[in-house]
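Enquirer: Below are the sequence and a predicted model for it; my questions follow.
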Amino acid sequence: MKGQRIGYKRVSTLDQNEDRQLAGIELDRVFIDKASGKDTNRPQFREMMRFVREGDKIIVHSMDRLARNLDDLRKIVKDAIAKGIEIEFVKESLIFNADSSPMSNLLLSVMGAFAEFERSLIKERQMEGIALAKNRGVYKGRRKSLDANQITELKQRAANHENKSALAREFNISRQTLYAYLEA
């Protein structure tokens, strides 16, 4: 059964451009996330996994675009294969399907481990840079999302039992940030 060719692109930040990924490859549908690959909690990734059907092929520029975590990468590939979906990684020239060889699975683990290692190095360098900036007095932390008046209004409205999800949307913050303000 021949299915659709589904593209998945991911960049880590909103200001990054995903155009180079899968350039020139014919696709029936493309899902694009602008989010970290640290886990699978990405809206377009989840939507893609709901969308794909048996016989479809997911095409990704490289393994690190699909997942930066070896466990997640292996689970994504395993779950896709179990549903009769094929995954192709263009940069690595690897295709995973029900007929994948033990060598392919070894390469998936090795390449996935490199992606995870690379992410841990990035985080380590970032933390070192922040520590140095703090020592120099340059790093002030992330700018607050809300000013003092907005925080007061948010707390009052939450105390009046307004829907917290609606408040988060209105103030353009995540629910996690909303709860952090409420607990402070």
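Expert: Structure's in. What do you need?
Enquirer: how near is Asn135 to Ile122?
Expert: Distance of Asn135 to Ile122, given as Cβ to Cβ, to the nearest Å: 21 Å. Backbone N, C-alpha and C define where each C-beta goes, glycine included.
Enquirer: Tyr8 now?
Expert: Tyr8 sits at a distance of 21 Å from Ile122 (criterion: Cβ to Cβ).
Enquirer: Neighbour count: the two, which is higher?
Expert: Between Tyr8 and Ile122, counted using other Cβ atoms under 10 Å, Tyr8 has the larger neighbour count: 25 against 12.
Enquirer: Tell me the pLDDT of that one.
Expert: For Tyr8, the model assigns a pLDDT of 97.
Enquirer: tell me what the strand or helix carrying it is packed against?
Expert: Element membership for Tyr8 (DSSP states H and E) is strand 5-11. Applying 3 or more Cβ pairs under 8 Å, 6 or more residues apart in numbering; DSSP states H and E, we find strand 5-11 packed against strand 29-34, helix 43-51, strand 57-60, helix 63-66.
Enquirer: buried set for it?
Expert: By neighbour count with 16 or more other Cβ atoms under 10 Å, strand 5-11 contains the buried residues Arg5, Ile6, Gly7, Tyr8, Lys9, Arg10, Val11.
Enquirer: now Glu47, nearest residue through space, not along the chain?
Expert: Phe31 (6.2 Å; Cβ to Cβ, 6 or more residues apart in numbering).
Enquirer: Report the contact partners of the residue nearest to the spatial centre of the chain.
Expert: Computing the C-alpha centroid of the chain and ranking residues by Cα atoms, centre = their mean puts Gly37 first, at 3.5 Å. Taking Cβ atoms under 8 Å, 6 or more residues apart in numbering, we find Gly37 in contact with Arg10, Ser12, Asp64, Arg65, Leu66, Ala67, Arg68, Asn69, Ala115, Arg119.
Enquirer: go on, Phe51?
Expert: The neighbours of Phe51, taking Cβ under 8 Å, 6+ apart as the test, are Ile6, Arg29, Phe31.
Enquirer: What's opposite the first one in the beta bridge?
Expert: Just to be clear, that refers to Ile6. Ile6 forms beta bridges with Arg29, Ile58, as assigned by DSSP bridges.
Enquirer: Tell me the helices and strands packed up against the lowest-mean-pLDDT helix or strand in the chain.
Expert: When the helices and strands of the chain are scored by mean pLDDT, DSSP states H and E, helix 102-135 comes last with a mean of 86. On a contact count with 3+ Cβ pairs under 8 Å, 6+ apart, helix 102-135 meets helix 63-66, helix 70-82, strand 94-96.
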